[in-house]
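Participant: just to be clear, the model below is a prediction. Sequence and coordinates:
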Amino acid sequence: YEDAINNLREVVKAHGPEAIGFITSARLTNEDLFVINKFAKSGIGTPNVDSAQRFDLAGHLPVLELLKGGKADSLDGLLNSDVIVIAGGDIDLQSQVVGNRIRTAQRFHDAKVIVVNAFKTRLNEIADASLDCAAGSEIPVFYGLLKEAFGEKGGFGDIGGSQALLKELEDYSSDAVCEAAQIDRDMFDIASALLSNKETISFVVGTGLPQTHRGLQALKALANLALAAEAAGKKINWFPLSAAANSWGAALMNSGTHVDASGAKGLSCCEMISAASEGKLKALVVIEEDPVSFFPDRKFVRDALEKLDFLMVVDLFESETAKDADLLLPSTSFMEKEGTFVNMEMVSGKIRKLIDPVGGSRSAGEIFQGIGRKMKFSLGDGFAWASENAASIVGEVFNDENSRVAGKAFFPVSYDSSRENGKNIFALVVADTIYNHHYGTAASHVAAVGKLGKRPELRLNGKDVRRLNMEDEHEIAVVTSKGKLLFSLASSSDIKEG
């Protein structure tokens, strides 16, 4: 602990508390997250606390506030749905439970399925309306469906922004949308008729939607479709998916001002890496997360971390990020501690310790509780106090009536249909694979996992592959404004040209 204390104090003294950042993980319990937030914000005095969960749940908190009063729907709602709208990647790979529930709803409850995606998945095979659109064209599809199903019926009641939305919808005729998004007109008509004629509509939003080109705008457009359906008298369910066990806990615990009365806005995890690269962030504490692995440009992240005066990592394993750490402290697995997780239904569930911590390791919460005591921070009396307070804080976040949206209004959505032109320029779509969230740590000793295909794969339509005069398994470079990555090339008829 002395190394951590001395280095953190030196950075605060030389550069101020804002020069320190904390990147947390959705694998942490709510209790861990509560202590870390309190340590960083009330102890160190930095507002820079964030987690990688924003890649899954970016934008969903305001959407849930608007549509559901901040609450999440039970998965049982899928079984009672007349129509299920799916967007945002391969749901089966993101949550097999949800994928199976969708199939059960269709098979035994006669639910109709609409899939809006830039590439085909297994759920396209069972869809009543499969809208496999061009990459980046999700907004026109959502607004085209909104106009066709609900916009022609005249107004949306007293929902704010109705007139502005109706004006926007003038540009989204069915013909224009189908041409721009490269979708089948018959499928589009089936989808809009289902939305118009059925009573209960569920929206399953995969992790891929916020990560698409114009992803947050597409999420808002889909939320506007849901809000328009609700204004038309439909019952709405909203199911945002996430990648980790406690993504919602991390989102809720990191988003509040429950441990920082100043309400100062801190840097996001992306902004922290950029600030480190620019020399503005001097120390970074990474807890059970691996930025070198989860950010696409490893070289940029490694170069940024090398510029830090102090990199501290708390993790179960020596991750790629931990290899560059000045200080590595061992934390515990979920089997070695107690606490709570918040699942996708926003239900807080208890986890119980099965074995004693191995090798003198401690939970992340206990580690920062111990460091805080030595630094004379007032973090409460013992970890039991943190556990009790974390549970109450999560309850407050769920039940805070003061944070509820007073009146409903459509989200403003910006959309620019123009695309950069030039040779070999393509729209990039991020897709999950089975290997997607495997960092080579927890399962690094399981030989079968290593055979799943660790190398990233770039899939192009077969016509594009032939036009580029390439073959499958060729090494191909993808260059963006953020950097360069190497992939193994694979042709696929599930991907549209371009």
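Facilitator: Done, it's in.

Participant: Ser331: neighbouring residues, count only.
Facilitator: 25 (other CB atoms under 10 Å). Any C-beta I mention is one placed from the backbone N, CA and C, and that applies to glycine too.

Participant: please read the previous query as pertaining to Gly16.
Facilitator: That count, for Gly16 with other CB under 10 Å as the rule, works out to 12.

Participant: kindly report the same for Gln163.
Facilitator: 11.

Participant: run through who's touching stretch 163-174.
Facilitator: Stretch 163-174 has contacts (CB atoms under 8 Å, 6 or more residues apart in numbering) with 140, 143-144, 146-148, 151, 155-156, 185, 188-189, 192, 224, 228, 410, 412-413.

Participant: for the stretch 201-350 of the chain, just list every one of the strands.
Facilitator: Along the stretch 201-350 of the chain, counting by DSSP state E, counting those that start in this stretch, strands occupy 235-240, 283-287, 310-315, 327-330, 339-342, 348-351.

Participant: most tightly packed of those strands?
Facilitator: Of all those, strand 283-287 has the most neighbours on average by mean count of other CB atoms under 10 Å, namely a mean of 27.

Participant: quick one: list the elements packing against that one.
Facilitator: helix 2-15, strand 20-24, strand 310-315 (3 or more CB pairs under 8 Å, 6 or more residues apart in numbering; DSSP states H and E).

Participant: adding distance to Leu33, write these out as TSV.
Facilitator: Listed next are the helices and strands packed on strand 283-287 as TSV, based on distance: least, CB to CB, whole Å:
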stretch	distance to Leu33
helix 2-15	18
strand 20-24	6
strand 310-315	13
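
Participant: please work out which of the ones you listed is packed deepest.
Facilitator: Most buried among the helices and strands packed on strand 283-287, counting by mean count of other CB under 10 Å: strand 20-24, with a mean of 27.

Participant: tell me the angle of that one relative to strand 310-315?
Facilitator: 20 degrees (axes from the mean of the first three to the mean of the last three CA atoms, to 10 degrees).

Participant: buried residues, stretch 363-370. List them.
Facilitator: 363-369 (16 or more other CB atoms under 10 Å).

Participant: can you put the strands of the stretch 201-350 of the chain in a markdown table and add mean pLDDT and distance to Asn6?
Facilitator: Putting the strands of the stretch 201-350 of the chain into a markdown table (pLDDT from 0 to 100; distance: least, CB to CB, whole Å) gives the following:
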| stretch | mean pLDDT | distance to Asn6 |
| --- | --- | --- |
| strand 235-240 | 93 | 42 |
| strand 283-287 | 97 | 12 |
| strand 310-315 | 96 | 9 |
| strand 327-330 | 95 | 10 |
| strand 339-342 | 88 | 29 |
| strand 348-351 | 86 | 34 |
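
Participant: need those in a markdown table (columns: distance to Asn246).
Facilitator: Putting those into a markdown table (distance: least, CB to CB, whole Å) gives the following:
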| stretch | distance to Asn246 |
| --- | --- |
| strand 235-240 | 14 |
| strand 283-287 | 13 |
| strand 310-315 | 16 |
| strand 327-330 | 20 |
| strand 339-342 | 4 |
| strand 348-351 | 10 |
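
Participant: ok, residues contacting stretch 211-218?
Facilitator: Contacts of stretch 211-218 with the rest of the structure, by CB under 8 Å, 6+ apart, involve 55, 58-59, 87-88, 118, 135-136, 138-139, 142, 209-210, 413-416, 427-430.

Participant: again, only this time at 10 Å
Facilitator: 55-56, 58-59, 87-89, 116-118, 135-142, 205, 208-210, 219-221, 411-416, 419, 427-432 (CB atoms under 10 Å, 6 or more residues apart in numbering).

Participant: go on, stretch 296-308?
Facilitator: 11, 19-21, 272-284, 286, 290-295, 311, 313, 320-321, 323-326, 430, 456, 478, 480, 482-485.

Participant: are any of those residues buried, and which?
Facilitator: 11, 19-21, 272-273, 275-277, 280-284, 286, 290-295, 311, 313, 320-321, 324-325, 430, 485.

Participant: residues touching the nearest residue to Leu281 once chain neighbours are set aside, list them.
Facilitator: The shortest distance from Leu281 to any non-neighbouring residue, by CB to CB, 6 or more residues apart in numbering, is to Ala275 (3.9 Å). Residues counted as contacts of Ala275 (CB under 10 Å, 6+ apart) are 18-19, 21, 48, 267, 281-282, 284, 304, 307.

Participant: related to what we said a few turns ago, kindly write the ChimeraX command that selects the buried subset of the contacts of stretch 211-218.
Facilitator: A single ChimeraX command selects the buried members of the contacts of stretch 211-218 (16+ other CB under 10 Å):
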select :55,56,58,59,87,88,89,116,117,118,135,136,137,138,139,140,141,142,205,208,209,210,219,220,221,411,413,415,429,430,431,432
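
Participant: in helices, which of the contacts of stretch 211-218 appear?
Facilitator: The helices, defined by DSSP state H, take in 55-56, 138-142, 219-221 from those.

Participant: which one of those is nearest Ala72?
Facilitator: Asp56 (13.7 Å; CB to CB).

Participant: the closest one and Ile114, how far apart?
Facilitator: 22 Å (CB to CB, to the nearest Å).

Participant: can you check Asp184 too?
Facilitator: Distance of Asp184 to Ile114, given as CB to CB: 13 Å.

Participant: quick one: find the helix or strand in the protein with the lowest mean pLDDT.
Facilitator: Least confident helix or strand, the chain: helix 383-399 with a mean of 54, by mean pLDDT, DSSP states H and E.

Participant: in stretch 485-494, which residues are buried?
Facilitator: Across stretch 485-494, burial judged by 16+ other CB under 10 Å covers 485, 487, 489-491.

Participant: Serialize these to JSON lines and add fields for distance to Arg27.
Facilitator: Below are the buried residues of stretch 485-494 laid out as JSON lines (distance: CB to CB, whole Å):
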{"residue": "Leu485", "distance to Arg27": "25"}
{"residue": "Phe487", "distance to Arg27": "27"}
{"residue": "Leu489", "distance to Arg27": "33"}
{"residue": "Ala490", "distance to Arg27": "30"}
{"residue": "Ser491", "distance to Arg27": "36"}
